[in-house]
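>>> Mind looking at a prediction? Sequence and model below.
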Protein chains: 2
Amino acid sequence: MAKHIITIGREFGSGGREIGKTLAKELGVECYDSRLIEMAAEYGEIDISIFRNVEEKKANSLLYTIHHDLANEKTGYGLPLNDMLFNLQSEVIRQLAERESCILIGRCADYILAGRKYVHSVFIHADMEARIKRIMQKYEISQKEAVSMIKKKDKARSSYYNFFTNRRWGEKESYDLTINSNVLGIDQSIQVLKTLFSLA
Amino acid sequence: MAKHIITIGREFGSGGREIGKTLAKELGVECYDSRLIEMAAEYGEIDISIFRNVEEKKANSLLYTIHHDLANEKTGYGLPLNDMLFNLQSEVIRQLAERESCILIGRCADYILAGRKYVHSVFIHADMEARIKRIMQKYEISQKEAVSMIKKKDKARSSYYNFFTNRRWGEKESYDLTINSNVLGIDQSIQVLKTLFSLA
């Protein structure tokens, strides 16, 4: 059977993860997101706990530096921890792409798998108002807290993507398709992505 | 039968017009692009020749000013010519949207028809390299001429859109969907748009 893969980049609160998970379920394939860290740790035979805090974080943050030292002590790989996580995750993503049809969320998968005809990349975004509403409901927090959380998460994702790729996070030029999820809605977004998934 | 409309904004040389025309043909609906000027002129009972040069031009250009004076002389409407064309085109687009399923190219149709559930807006873009190649072949011109033509056309479209709407031309936030036509290709772009067209 022909392989089909969709990579999903997403603004925090846009419903990108829900869209990816539901899409995968309806298509009968796996959806890989944060568990890619565990898979990377397992692949690299590294204690998962030291990866937890650096995932999709900016490479030059204080946290990064601290973990950098920690990583060198604990693993002896001699690579900055974030680079190590990126490299291991990239290898896991490439192996998945050879093996099966699936949905991949975040982790620069669009960049890592660029050029493969059966891989299509999507970025899902939504109006700030819709995202705030979604995050307030999901985490039962105030509007102020939701705004702060969105800004922080988007900044981390953006910095991670822009550091490890030669593309710009969230700019339409970086993806095959962008979708405005608060205009299309979750169900219609999934319909469009089903068609994209089926393309050769 | 339920109505379905797709509006297409497009970078010059991205193949957006070809995609729109082929999509319309395959769906058995009309595709409206530059003939909307003729329809606007007819609707406003205005000589088409005075509209030809202002179409999708920047409102504060020299040409605009010249035609502005001309318009006031010739029509007596007392409105700047570009505003008049925009208003007449908007009315024609609204009437079409009430009447039939169709594809609408350019002319801020996405903005004019915003909020209608059966209308979906798309922006089609492509890498500069792919666009230059396309325009060189289409118009049998040099690379330098193609670059100049692309920049001029995009600037005109962008200024027109940004002047008449509260949105930004080509930014993903302004559209339901953006498509990278040189990655997806013409045929695959059409497949995705067929799904988008069929959504309620």
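Right, received. Where do you want to start?
>>> Residues of chain A that sit close to chain B?
Within chain A, the positions adjacent to chain B are A:120, A:123, A:125, A:127, A:170-173, A:175-180, A:183-184, A:188, A:191-192, A:194-196, A:199-200 by C-beta under 8 Å from any C-beta of the partner chain. (Each C-beta comes from the backbone N, C-alpha and C, glycine too.)
>>> The same query, at a cut-off of 7 Å, please.
With C-beta under 7 Å from any C-beta of the partner chain as the criterion, chain A meets chain B at residues A:125, A:172, A:175-180, A:183-184, A:188, A:191-192, A:195-196, A:199.
>>> Now, the residues you listed that are in strands?
Those of the residues of chain A next to chain B mapping onto strands are A:125, A:177-180, per DSSP state E.
>>> Just the buried ones from these?
For these, a burial check counting by 16 or more other C-beta atoms under 10 Å in any protein chain shown picks out A:125, A:177-180.
>>> From those residues, pick the one nearest chain B.
Distance to chain B across those (C-beta to the nearest C-beta) is lowest for A:Thr178, with 4.3 Å.
>>> can I assume the closest one is in contact with A:Trp169?
No. Using C-beta atoms under 7 Å, A:Thr178 makes no contact with A:Trp169, being 11.8 Å away.
>>> could you point out which element follows the helix or strand that contains A:Glu91?
Using DSSP states H and E, A:Glu91 maps to helix A:81-99. Sequence order places strand A:102-105 as the next helix or strand after helix A:81-99, per DSSP H and E.
>>> Work out the gap between that next one and the centre of the chain.
When C-alpha coordinates are averaged (C-alpha atoms, centre = their mean, to the nearest Å), strand A:102-105 and its chain have centres 9 Å apart.
>>> C-alpha coordinates for that strand, PDB please?
Provided in PDB are the C-alpha atoms of strand A:102-105 (Å, rounded to 0.1, in the frame of the first residue of the first chain):
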ATOM      1  CA  CYS A 102       1.000   8.500   9.800                       C
ATOM      2  CA  ILE A 103       0.300  12.000  11.200                       C
ATOM      3  CA  LEU A 104       3.300  13.800  12.700                       C
ATOM      4  CA  ILE A 105       2.700  16.800  15.000                       C
END
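>>> Let me see the residues that make contact with whichever helix or strand comes after it.
Counting by DSSP H and E, the next helix or strand C-terminal to strand A:102-105 is helix A:109-112. The contact list for helix A:109-112 (C-beta atoms under 7 Å, 6 or more residues apart in numbering or on different chains) reads A:7, A:9, A:90, A:93-94, A:121, A:165, A:167, A:175.
>>> Okay, now the unreliable bits of chain A?
Within chain A, the stretches with pLDDT under 70 are A:53-79, A:200.
>>> Helix or strand for A:Tyr161, just tell me which one.
Counting by DSSP H and E, A:Tyr161 is part of helix A:143-164.
>>> Could you give me the buried positions within that helix?
Under the neighbour-count criterion of 16+ other C-beta under 10 Å, helix A:143-164 has A:146-147, A:149-150, A:154, A:156-164 buried.
>>> Summarise which helices and strands that helix is packed against.
For helix A:143-164, the packing partners by 3 or more C-beta pairs under 7 Å, 6 or more residues apart in numbering or on different chains; DSSP states H and E come out as helix A:128-139.
>>> ok, residues contacting the helix it packs on?
Contact with helix A:128-139 is made by A:11-15, A:143, A:146-147, A:149-150, A:182, as judged by C-beta under 7 Å, 6+ apart.
>>> related to what we said a few turns ago, now neighbour count too, for the contacts of helix A:109-112, in CSV please.
Listed next are these as CSV, based on neighbours: other C-beta atoms under 10 Å in any protein chain shown:
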residue, neighbour count
A:Thr7, 28
A:Gly9, 28
A:Ser90, 19
A:Ile93, 24
A:Arg94, 14
A:Ser121, 24
A:Thr165, 15
A:Arg167, 18
A:Tyr175, 25
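>>> farthest pair in those residues?
Largest separation among the contacts of helix A:109-112 by C-beta to C-beta: A:Arg94 and A:Tyr175, giving 19.1 Å.
>>> Give me the distance between A:Arg35 and A:Leu96.
Relative to A:Leu96, A:Arg35 is positioned 11 Å away (C-beta to C-beta, to the nearest Å).
>>> for A:Lys155, that is, sorry about that
As for A:Lys155, its distance to A:Leu96 is 28 Å (criterion: C-beta to C-beta).
>>> swap in A:Leu113?
According to C-beta to C-beta, A:Leu113 and A:Leu96 sit 9 Å apart.
>>> Can you pull up the most central residue in chain A?
Centroid-nearest residue in chain A: A:Gly106, 0.9 Å away (criterion: C-alpha atoms, centre = their mean).
>>> That one reaches A:Asp33, doesn't it?
Yes. Judged on C-beta under 7 Å, A:Gly106 makes contact with A:Asp33 at a distance of 6.3 Å.
>>> So for A:Arg35 and A:Leu96, which residue has more residues nearby?
With neighbours defined as other C-beta atoms under 10 Å in any protein chain shown, A:Arg35 and A:Leu96 compare such that A:Leu96 has more, 19 against 12.
>>> Now do the same contact list for the more buried one.
Residues near A:Leu96 by C-beta under 7 Å, 6+ apart: A:32, A:102.
>>> cool, A:Lys153 as well?
A:Lys153 makes contact with A:Phe12, according to C-beta under 7 Å, 6+ apart.
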